[in-house]
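Colleague: Turn this into a structure:
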Amino acid sequence: MITLLIADDHPLYRDALRGALSLSLPALTLKEAGDLNTTVDILNNEDIDLLLLDLHMPGSNDLFGLLHIRKLFPELPVAVVSGTEDTTLISKVISVGALGFIPKTASAQDIANAVEAILDGDVWLPENLSEDVDEVNEEFSELADKVASLTPSQYKVLCYMRDGLLNKQIGFNLDIAEATVKAHVTAIFKKLGINNRTQAVLIASQLELEPPIQ
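Modeller: Residues are numbered from 1 along each chain as shown. Here you go, the predicted model:
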């Protein structure tokens, strides 16, 4: 029996995935999560054979959710599910360890094929996009490794720095003291090997994705 976790904040899409997979792969046991924290909790407490991950669900913050899960569970097969069929995005997720990219427009049969291929240890990409996916350079992979070392709170602070907020404003938005924000910023600089906010903004911008398709 294979256990699969669907991590997506849209219940209707989780239902659609469940329906598609149940018809094609009736031996599957399906679990569901709607945010990153719940996803990590389930992964910590249950034996999951494959994770289908939405990059835009709460807590995921662009690529961070994938990077965070890959750091915590390096042996877990992960496939990204997204409404954005962008080849640059696909290149990035594959370069940081995802074994597949499933568009939300994929047919039920394609979804089943993707799951079967990934469970067999193969990388699965949509046939119409696979030839356009480039290898991401080593510099980006190294950057992703550094970002994966951040805590979720530190990554939130990094994203607020990217958006131009001052420490006081970040503290207000996160409901934490300004001194705590300064401590997070110091830790971020150390982990990323940088020494100023401009460098932090450049790094965060490289990990930013397009907004989800509504």
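Colleague: Could I get the full set of helices for the protein?
Modeller: 11-24, 36-45, 64-72, 87-95, 108-119, 138-148, 152-162, 167-174, 178-192, 197-207 (DSSP state H).
Colleague: wait, which of those is closest to Ala79?
Modeller: Set against Ala79 and scored by C-beta to C-beta, these come closest in helix 108-119, at 5.5 Å. C-beta: built from backbone N, CA, C; applies to glycine.
Colleague: That closest one - what's its average pLDDT?
Modeller: With pLDDT averaged residue by residue, helix 108-119 scores 90.
Colleague: So which other helices or strands are in contact with that helix?
Modeller: With contacts taken as 3 or more C-beta pairs under 8 Å, 6 or more residues apart in numbering; DSSP states H and E, helix 108-119 sits against helix 11-24, strand 50-54, strand 78-82, strand 100-103.
Colleague: and if we set it to 10 Å?
Modeller: For helix 108-119, the packing partners by 3 or more C-beta pairs under 10 Å, 6 or more residues apart in numbering; DSSP states H and E come out as strand 2-7, helix 11-24, strand 28-33, strand 50-54, strand 78-82, strand 100-103.
Colleague: Mean pLDDT, mean neighbour count and distance to Ile203 added to the ones you listed, as a markdown table?
Modeller: Shown next, in a markdown table, are those (pLDDT from 0 to 100; neighbours: other C-beta atoms under 10 Å; distance: least, C-beta to C-beta, whole Å):
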| stretch | mean pLDDT | mean neighbour count | distance to Ile203 |
| --- | --- | --- | --- |
| strand 2-7 | 93 | 21 | 25 |
| helix 11-24 | 84 | 15 | 31 |
| strand 28-33 | 91 | 17 | 28 |
| strand 50-54 | 94 | 24 | 22 |
| strand 78-82 | 92 | 24 | 21 |
| strand 100-103 | 91 | 23 | 23 |
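Colleague: export the ones you listed to TSV and tack on distance to Thr88?
Modeller: Converted to TSV, the helices and strands packed on helix 108-119 look like this (distance: least, C-beta to C-beta, whole Å):
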stretch	distance to Thr88
strand 2-7	22
helix 11-24	23
strand 28-33	27
strand 50-54	18
strand 78-82	12
strand 100-103	12
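Colleague: just to revisit the earlier point, reformat the helices of the chain as CSV; add distance to Ile2.
Modeller: Putting the helices of the chain into CSV (distance: least, C-beta to C-beta, whole Å) gives the following:
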stretch, distance to Ile2
helix 11-24, 10
helix 36-45, 15
helix 64-72, 19
helix 87-95, 22
helix 108-119, 6
helix 138-148, 27
helix 152-162, 29
helix 167-174, 39
helix 178-192, 36
helix 197-207, 31
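Colleague: Could you find the closest non-adjacent residue to Phe101?
Modeller: Nearest non-adjacent residue to Phe101, counting by C-beta to C-beta, 6 or more residues apart in numbering: Ile90, 4.7 Å away.
Colleague: which residues does the one you found contact?
Modeller: If you count contacts by C-beta atoms under 10 Å, 6 or more residues apart in numbering, Ile90 has them with 80, 82, 84, 98, 100-101, 103, 125-126, 129-130, 132-134, 136.
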